[in-house]
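Peer 1: Need a 3D model of the following:
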Amino acid sequence: MLTVAVLISGTGSNLRALLEAASHPDFPARVVVVGADRDAEGLAHAEEFGIPSFTVPWHAHESRDAWGEELGRQIDVWTPDLIVLSGLMRLLPSSLVSRYAPRILNTHPAYLPEFPGAHGVRDALAAGAEQTGASVIVVDDGIDSGPILAQERVPVHADDTEHSLHERIKPVERRLLIDVVRRIATGDLTLTP
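Peer 2: Numbering: from 1, shown residues only. Sure thing, here's the model as predicted:
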């Protein structure tokens, strides 16, 4: 059984989808812990599903590296096979990325390498793109630049707002994430350093 730690910053909609999938007996992975960089709303999903959680507040540390060291200590308690960034809005320090590479995954609301960064949906609209998408990647030291594990196109409608487009991308992200985690757990997808 593949064990997964999930890190969040916000409402945790991808986390919830993964928890629901993992609650089925035939799903080959289990979320063992949920961590956050703040008092995130999504921690309520962990509580609802009986999953332990921890918080490593960003503002309580003097540097990204110090924050990363504490985050790593908390993760190591659970020895997860995989770490999923589910809306974690902080860049991990390179020391933490290299420590767990290539076992850190992230979802992104764009068809990478198009529109990387924190505002992928807004950037797609600003560029007048006719389509964007969702991607699941392996985290590296860059910004949304790691190897792509899965992605799918999502059309941009003429009347789309940032909110409406993002709401159509989210279900695709969730489906791709669950499929990637399942494929890693069954050995159909191999992560290599």
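Peer 1: show me where the chain has helices.
Peer 2: For the chain, applying DSSP state H gives helices covering 13-22, 43-48, 64-76, 94-100, 120-126, 162-186.
Peer 1: okay if I get those helices as JSON lines plus distance to residue 156?
Peer 2: Using the backbone N, CA and C atoms, a C-beta is placed for each residue, glycine as well. What follows is the helices of the chain, written out as JSON lines (distance: least, Cβ to Cβ, whole Å):
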{"stretch": "helix 13-22", "distance to residue 156": "21"}
{"stretch": "helix 43-48", "distance to residue 156": "29"}
{"stretch": "helix 64-76", "distance to residue 156": "34"}
{"stretch": "helix 94-100", "distance to residue 156": "31"}
{"stretch": "helix 120-126", "distance to residue 156": "6"}
{"stretch": "helix 162-186", "distance to residue 156": "6"}
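Peer 1: Looking at those, which is nearest to residue 2?
Peer 2: helix 162-186 (3.7 Å; Cβ to Cβ).
Peer 1: Can you get me the start-to-end distance on stretch 13-29?
Peer 2: One end of stretch 13-29 to the other measures 18 Å (Cα to Cα, to the nearest Å).
Peer 1: Pull the residues that contact that stretch.
Peer 2: 1-4, 6, 8, 30-31, 34, 42, 45-46, 49, 51, 82, 84, 86-87, 107, 170, 173-174, 177-178, 181-182, 184-186 (Cβ atoms under 8 Å, 6 or more residues apart in numbering).
Peer 1: Centre of the chain to it, how far?
Peer 2: Here stretch 13-29 shows a centroid-to-chain-centroid distance of 14 Å under the convention Cα atoms, centre = their mean, to the nearest Å.
Peer 1: Buried ones in that stretch, by neighbour count?
Peer 2: 13-19, 21-22, 27, 29 (16 or more other Cβ atoms under 10 Å).
Peer 1: I'd say residue 7 and residue 38 touch.
Peer 2: No. Using Cβ atoms under 8 Å, residue 7 makes no contact with residue 38, being 11.3 Å away.
Peer 1: Tell me how far the spatially closest residue to residue 7 that is not a sequence neighbour lies from residue 36.
Peer 2: Excluding the flanking residues, the one nearest residue 7 by Cβ to Cβ, 6 or more residues apart in numbering is residue 88, at 4.4 Å. Relative to residue 36, residue 88 is positioned 8 Å away (Cβ to Cβ, to the nearest Å).
Peer 1: Lovely, talk soon.
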